[in-house]
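Enquirer: Need coordinates for the following:
(2 chains)
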Amino acid sequence: MCGNAPLFQGIENPGAFSYIWVMPDTATPSIMPDLEQDEQSKPKADLDPGYLVICWDDPVNLMDYVTHVFQIVFGWPKPKAEYHMLQVHRQGKSVLTREGLERAEYYVHQLQKYSLHATMEHEQ
Amino acid sequence: MRLTKVDGERLWLQVSPREKRLLLEIFQLYPLIDTTYHRATRSADPRVDQKLLEEALAALNRENRERLDAFVQDPQRFAQTKEGCCLVVEFQNLEWLLQVVNDIRVGSWLKLGMPDQKSEKRLVLNLANVPYIVALELCGLLEAILLDAGSRRPAT
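Expert: Below you'll find the model as predicted:
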């Protein structure tokens, strides 16, 4: 796209921008630093989505309570929360989600605040 | 103890004088779960993570204890209605109260030696256990009522 006239439309004193046009005829080649992905500045573990959040069965927490906690912590609809609650109840545990390290830690801590037995495991 | 009324902001639980006294005594048990109950599972040095987790849980317990004291001492907490005495709970306190009540319930179960029908780990009944049996059952009832009340909350 070429042309610069529309740039100054509505500006009272376009001459104030005249310095813009005082440019060398030939640009000096410059060496730009290599662009690096921002992810490289973060710990690798934070980016690894392979952390499993697991909830374990216990004989004390009420089934309705566990369903409710899953709905609140993960924002799941009731059928999905019930599915995982029943998996915990019948199979002894349920993998609730697979996340990066920080998110997985957050979920485990939220579940522990509700006194559920939750752990995090790195997926092999 | 039964749910008598729910509006957009709070719920009313009718309680007998005996239930009120029991609830106040049971709330005094908080926190009942030891901070070592939850296990850290994060990194190569689990001891450091475990210490951090226990410190975080201890801080949370202190904060909840203070909040629970203020909750119980609120002069509006137990209201006299024509049906009798009612425990009034604001919906903004519902999730927090569920966490507190379930801490007492799970903590009571731990104090009772983690009885479990599946593994035939039986409850040994003795005088020292009785308060925890009462707490376990009453907290279960309160949780069920609170969850039911939450599902009946009208949209505001």
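Enquirer: List the buried residues in the helix or strand A:Pro79 falls within.
Expert: If you go by DSSP states H and E, A:Pro79 is part of helix A:78-91. Buried residues in helix A:78-91, counted by 16 or more other CB atoms under 10 Å in any protein chain shown: A:Ala81, A:Glu82, A:His84, A:Met85, A:Gln87, A:Val88. Every residue, glycine included, has its C-beta placed from N, CA and C.
Enquirer: Give me the distance between the fourth one and B:Glu95.
Expert: I take that to be A:Met85. Distance of A:Met85 to B:Glu95, given as CB to CB, to the nearest Å: 17 Å.
Enquirer: Poorly predicted segments of the chain, please.
Expert: Defaulting to chain A. For chain A, residues meeting the criterion pLDDT under 70 lie at A:1-48.
Enquirer: try again with chain B
Expert: Using pLDDT under 70, chain B drops low at B:42-46, B:156.
Enquirer: rerun that using 90 as the cut-off
Expert: B:35-53, B:81-84, B:117-126, B:154-156 (pLDDT under 90).
Enquirer: Helices of that one, start to end?
Expert: Ranges of helices within chain B are B:17-27, B:46-73, B:94-111, B:130-152, based on DSSP state H.
Enquirer: So for A:His68, which of the ones you listed sits nearest?
Expert: helix B:130-152 (5.5 Å; CB to CB).
Enquirer: Please, where are all the strands along chain A?
Expert: Chain-ordered strands for chain A, with DSSP state E as the definition, fall at A:51-56, A:93-99, A:118-122.
Enquirer: Mind listing what's buried along the second one?
Expert: When you say that, I think you mean strand A:93-99. For strand A:93-99, the neighbour count (16+ other CB under 10 Å) marks A:Ser94, A:Leu96, A:Glu99 as buried.
Enquirer: I'd like to check the angle between the longest strand along chain B and helix B:130-152, please.
Expert: When chain B is parsed with DSSP E, its longest strand is strand B:84-90. Here strand B:84-90 runs at an angle of 70 degrees relative to helix B:130-152 (axes from the mean of the first three to the mean of the last three CA atoms, to 10 degrees).
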